[in-house]
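Engineer: below are the sequence and a predicted model; questions follow.
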Amino acid sequence: MTIIELDHTADIRFRITAVNIHDLFKESAKALMCVMYSGQAGSQISRKFSIKAENLHELLSMFLSEILYLSDAENIVFSGFDISIDDTYTTLSADLSGDPFIRKNHGGGSEVKGISLYGLEIKDKDGMYIVDLLFDV
C-alpha cells in the first residue's frame, strides 16, 4: 500500500495504491486525515455510519465526504477505519475511531473543503487497486 502526493496547481492530489478495495478505502481516509491534521490520534471516540451509492467511485467519494463532515462538525481526528463493503460495491458500513482535535497536537494541517469527483476513477492494474484523489483545499 502506498500514498504518494502528486503535483497539483491549486489543490492537494494523492495517488493511493492497495492490494484490495478495503485497504484502498482505508488508505484514502488516512490520506485525508494527513492533509487535515498533523500528529497522531488514538481511539477515544467512536463513530459509525452506513452509506449507499450507485457505484464504487461514488461510494469512495461519499465515504470520504462523510469522514470530512464528521471530522469538521465534531472536531475529531480519525485514526481507525474499520469498514465493510458489500459484494456489489454499493453499500458501506464504517466504524471509525479517533481523538478530539487539540490544536497543539493536531494543528498544522490544511482545511479540506471537499472531495473532488474530477478524475476519480478506481483502476485495477496488475492485481493492485489505484485511485487518484483530489482534495479541494
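Structural biologist: It's in.
Engineer: gap between Phe49 and Ile16?
Structural biologist: 21 Å (C-beta to C-beta, to the nearest Å). All C-beta atoms are positioned from the backbone trio N, CA, C, and that covers glycine.
Engineer: the more surrounded of those two?
Structural biologist: Ile16 (24 against 15; other C-beta atoms under 10 Å).
Engineer: average pLDDT for stretch 29-49?
Structural biologist: Here stretch 29-49 scores 94 as its mean pLDDT.
Engineer: got it, and stretch 96-108?
Structural biologist: Computed over stretch 96-108, the average pLDDT equals 92.
Engineer: quick thing: my sequence starts at 23, can you match it?
Structural biologist: Yes, from this point I'll number from 23; that puts the last item at stretch 118-130.
Engineer: flag every buried residue along that stretch.
Structural biologist: Of the residues in stretch 118-130, Leu118, Ser119, Gly120, Asp121, Phe123, His128 count as buried by neighbour count, 16 or more other C-beta atoms under 10 Å.
Engineer: ok, residues contacting that stretch?
Structural biologist: With contact meaning C-beta atoms under 8 Å, 6 or more residues apart in numbering, stretch 118-130 is reached by 59-61, 63-71, 89, 92-93, 97-104.
Engineer: thank you, goodbye.
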